[in-house]
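Participant: Prediction below, plus the sequence it came from.
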Amino acid sequence: MSLLPRMLTALTHWTALLLVLLLGTAGCERVSAALSRAPIPDLGPRIPITVKMELDPSLTNARLQYIDACNAPHEVHLGPQLEAVLLQAAHQTFNRVEFAGPGAGSKSDAVIQVALQQSGLEIKTDNVYDRLPAEMTLEAIATFRDPQGKLIQERPLVASRRERLLLEPTQKRCELASMDAFVHDSAVSLAIQFIREARALLEPAAETGQLPQAPVASPPVAARPAPQAPPSLSFKATLLDDNNNLVLEGGERVRVRVDIVNTATTPASGASARLGGSPGLLSQFPATSMPLGVLQPGETKSVEFIATVPPSLQAQRAELVVSLTDEAGLAVGGAQTLAAAVRQGAAGSSLRAAGKLAPPSSNDVDQVPKGPAGFRQPNTHVIAVGIGAYRNSPNAARKYAAKDAELVAAYLQSLGGVPADNVRVLQDRKAFRPDIEEALLDWLPPRISADSIVIVYFAGEAVVAASGDTYLVPYEGVSGSVTKLYSLKELQSGLAKLRPRLALLIFDGSVSRLGGGGRAGAKGPQWDGGGGNIVRLIGTSGIQPVLEPEQLKHGLYTYYLLRGLRGEADANRDGEVSLRELSTFLTESVPASASNDFNKEQHPLVLPPLSRAGKLAGLTLTKVSRSASDR
């Protein structure tokens, strides 16, 4: 045998021996952790544009310090993981990705810069079993520019991950075996936020062929000349309201978040963040100045000004102006102006005040309206599931679910022009898991083309595992075991593989914990798995029972869904109800009715948020007579 084959044989033997040792000793935990790292999920087909990625040194050089179980200091090199995962996310999202630096092309459609603003790692050495509770937070800013460098938009990226990290099974039990996987999974969480923001901003641009324009900032309020101090501090101000539409309504909590970084080589002390702006809105904030303390070179700090908008606040176009001052009260850098609209009255109540939203009634949606003659949508298919009674549970989570499923299907046939042959209704004992699978996996696929619209409505119950995985409960299902449940992730993955023009998932039901209980660190329901052109209209957020008032004899969400489909959601009064109009109507009317009419809380979700420029947002769901839409 020649020298080279003998060397290769020896290397193979040593590799096999090393793997056996790793799997049979303490190292097996590291191998297992490496193999179980979370992948970046498929959130849809690639956007057909070319982007140039620029990763700031604050991200690529990021490091975190922590103390192990034996109180010894350690350092995590976070930057390489963030860089690798974000670049992989970019390749999954866009047709072509270029990089800043020598050899980079110049024909990009957009430039995306990502900078890390703040990061943190907390590990509690409570010595519970062989795992230590850990939490990592990552906060970044993604800046989108056109090829000429003009700002399009800046979007915050925030990720937080909690886990119990496994200790090395050595005698001292000091080091953490699963730290690498934890860092990787945290980076994946940030990458998912990046993909969602990029899709929300650039996917409509790919459809229209035109990048969105940067919002025009209003001139600063009450600005006064001030001596210029050295620009040692830079900051980013962000306005946040409960439903992220920048329309401030009564009862909404408003937050002005200010992220500050010390860009100098020396510590900065005595600086403050200040809030100014329109007097009526500004007076709702208990504090308009916050000291920043001492910021070390390169250190980032975040502060928030928080207020609750009263229903009595007059409708207006309002501004909030954020600035920084040094210890002498002199301005540091320029001010940033945040614009918002104030809508008078409780959230959603403006519809009712304007006569566009009648009070709820027990029978006003039970009569199926007659649709316009000649309107047909032969490429739309509907699966409506309603389970109001379960085989193994005497108490129904949605008493009128079967009735609601039948009505939703009838409305979509009459007003949506869906042929009867394109509709499947599964109720109670006809909604075993095999029945649902047969409809989704056997009946539906042969009918679907690239122009198809698929609407899946589910009324009943869902349960959530500690990981956040969400399951629908079929007729024979029990909330304590997943064996007879239907994974929402599996359902959405199946819809995505069909590649329809749009898949619309509508859920109206109670949401509870798997097994009836929760534990510390358990995640909330994850509704947006599976990728593809899927829009989700979810009746309630979080873990809570659904509202199903006895006087309505419908789920509250479905009740307003039916009212929206019959024309009340037709905001522009053109006789058509679009997907965006319906989602806006639901997010406004359901919380208002829950609070005003039933003294409860219910807040629907729309995932992902619908862009005004996107083609999916403008899809027509139903057509109604002008008189119906004017009600």
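Facilitator: That came through fine.
Participant: helix, strand or coil for residue 111?
Facilitator: strand (DSSP: H, G, I helix; E, B strand; the rest coil).
Participant: Show the contacting residues for it.
Facilitator: 51, 52, 54, 144, 145, 146, 147, 149 (Cβ atoms under 8 Å, 6 or more residues apart in numbering). C-beta: built from backbone N, CA, C; applies to glycine.
Participant: wait, doesn't residue 65 sit right on residue 74?
Facilitator: Yes - counting by Cβ atoms under 8 Å, residue 65 does reach residue 74; the two are 7.1 Å apart.
Participant: Compare these two (neighbour count), which wins?
Facilitator: Neighbours were counted for residue 65 and for residue 74 using other Cβ atoms under 10 Å; residue 74 has more, 15 against 9.
Participant: how close does the more buried one get to residue 398?
Facilitator: 50 Å (Cβ to Cβ, to the nearest Å).
Participant: Check residue 581 too.
Facilitator: 26 Å.
Participant: between these two, which one's more packed in?
Facilitator: Between residue 581 and residue 398, counted using other Cβ under 10 Å, residue 398 has the larger neighbour count: 27 against 23.
Participant: those helices in this structure, which residues are they?
Facilitator: 3-24, 28-35, 57-60, 78-93, 179-208, 279-282, 349-353, 401-414, 433-438, 488-498, 556-563, 579-598, 626-629 (DSSP state H).
Participant: Pick the most buried one from those helices.
Facilitator: helix 556-563 (a mean of 26; mean count of other Cβ atoms under 10 Å).
Participant: roughly how far is it from the heart of the chain?
Facilitator: 23 Å (Cα atoms, centre = their mean, to the nearest Å).
Participant: Number the residues from 16 up from this point.
Facilitator: Done: numbering now begins at 16, and the last item shifts to helix 571-578.
Participant: could you say what helices and strands it packs with?
Facilitator: helix 416-429, strand 517-528, helix 594-613 (3 or more Cβ pairs under 8 Å, 6 or more residues apart in numbering; DSSP states H and E).
Participant: Would you convert those into a markdown table that also reports mean pLDDT and distance to residue 383?
Facilitator: What follows is these, written out as a markdown table (pLDDT from 0 to 100; distance: least, Cβ to Cβ, whole Å):
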| stretch | mean pLDDT | distance to residue 383 |
| --- | --- | --- |
| helix 416-429 | 96 | 5 |
| strand 517-528 | 93 | 17 |
| helix 594-613 | 88 | 17 |
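Participant: Identify whichever of these lies nearest to residue 309.
Facilitator: Of all the helices and strands packed on helix 571-578, it is helix 594-613 that lies closest to residue 309, at 42.1 Å by Cβ to Cβ.
Participant: nearest to residue 456, of the helices and strands packed on helix 571-578?
Facilitator: strand 517-528 (14.1 Å).
Participant: export the closest one as PDB, just CAs?
Facilitator: Provided in PDB are the C-alpha atoms of strand 517-528 (Å, rounded to 0.1, in the frame of the first residue of the first chain):
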ATOM      1  CA  LEU A 517     -52.700  33.500  -1.300                       C
ATOM      2  CA  ALA A 518     -53.400  31.200   1.700                       C
ATOM      3  CA  LEU A 519     -55.600  32.900   4.300                       C
ATOM      4  CA  LEU A 520     -55.800  31.300   7.700                       C
ATOM      5  CA  ILE A 521     -58.500  32.500  10.000                       C
ATOM      6  CA  PHE A 522     -58.600  31.300  13.600                       C
ATOM      7  CA  ASP A 523     -61.300  32.100  16.200                       C
ATOM      8  CA  GLY A 524     -61.000  30.100  19.400                       C
ATOM      9  CA  SER A 525     -59.700  29.700  22.900                       C
ATOM     10  CA  VAL A 526     -56.000  29.300  23.400                       C
ATOM     11  CA  SER A 527     -54.600  27.300  26.400                       C
ATOM     12  CA  ARG A 528     -51.400  25.700  27.600                       C
END
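Participant: Would you mind getting the angle between that strand and helix 416-429?
Facilitator: 170 degrees (axes from the mean of the first three to the mean of the last three Cα atoms, to 10 degrees).
Participant: what's the spacing between strand 517-528 and its chain's center?
Facilitator: 15 Å.
Participant: between that strand and helix 571-578, how big is the angle?
Facilitator: Using the same axes, to 10 degrees: strand 517-528 against helix 571-578 is 160 degrees.
Participant: Go through strand 517-528 and flag the buried ones.
Facilitator: 517, 518, 519, 520, 521, 522, 523, 524, 525, 526, 527, 528 (16 or more other Cβ atoms under 10 Å).
Participant: Same list, these, but as CSV with distance to residue 489 please.
Facilitator: Below are the buried residues of strand 517-528 laid out as CSV (distance: Cβ to Cβ, whole Å):
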residue, distance to residue 489
517, 25
518, 20
519, 20
520, 16
521, 17
522, 14
523, 16
524, 12
525, 15
526, 16
527, 15
528, 18
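Participant: Among the residues you listed, which pair sits farthest apart?
Facilitator: 517 and 528 (31.4 Å).
Participant: ranking the helices of the chain by mean pLDDT, which is last?
Facilitator: Mean pLDDT values for the helices of the chain show the minimum at helix 43-50, a mean of 37.
Participant: List the contacts of the nearest residue to residue 320 once chain neighbours are set aside.
Facilitator: Spatial nearest neighbour of residue 320, chain neighbours left out: residue 271 (4.3 Å); criterion: Cβ to Cβ, 6 or more residues apart in numbering. The neighbours of residue 271, taking Cβ under 8 Å, 6+ apart as the test, are 252, 253, 254, 255, 290, 300, 319, 320, 321, 335, 337, 353.
Participant: Repeat the analysis, applying 7 Å as the threshold.
Facilitator: Contacts for residue 271 (Cβ atoms under 7 Å, 6 or more residues apart in numbering) come out as 252, 254, 290, 319, 320, 335, 337, 353.
Participant: Can you pick out the ones from those residues that are in strands?
Facilitator: The strands, defined by DSSP state E, take in 252, 254, 290, 319, 320, 335, 337, 353 from the contacts of residue 271.
Participant: Narrow those to those that are buried.
Facilitator: By 16+ other Cβ under 10 Å, the ones in strands among the contacts of residue 271 give 252, 254, 290, 320, 335, 337, 353 as buried.
Participant: What's the local residue count around the residue nearest to residue 311 when sequence neighbours are not counted?
Facilitator: Nearest residue to residue 311 in three dimensions, chain neighbours excluded: residue 282, at 5.4 Å (Cβ to Cβ, 6+ apart). The number of residues packed near residue 282 is 12, by other Cβ under 10 Å.
Participant: quick one: low-confidence parts of the stretch 116-265 of the chain?
Facilitator: 116-121, 140-146, 181-192, 222-246, 257-261 (pLDDT under 70).
Participant: Recalculate using a threshold of 80.
Facilitator: Applying pLDDT under 80 to the stretch 116-265 of the chain flags residues 116-122, 133-134, 137-149, 175-195, 219-247, 255-262, 264-265.
Participant: Tell me where it has strands.
Facilitator: 125-138, 146-160, 166-181, 248-255, 262-265 (DSSP state E, counting those that start in this stretch).
Participant: Equivalent analysis for the stretch 366-515 of the chain, please.
Facilitator: Under DSSP E, counting those that start in this stretch, the stretch 366-515 of the chain gives strands at 395-401, 438-442, 468-479, 485-487, 501-502.
Participant: Among the ones you listed, which comes closest to residue 210?
Facilitator: Among those, strand 485-487 comes nearest to residue 210, with 19.8 Å by Cβ to Cβ.
Participant: Provide the strand pairings for that closest one, with the direction of each partner.
Facilitator: Neighbouring strands of strand 485-487 in its sheet, by DSSP bridges, are strand 468-479 (antiparallel), strand 501-502 (antiparallel).
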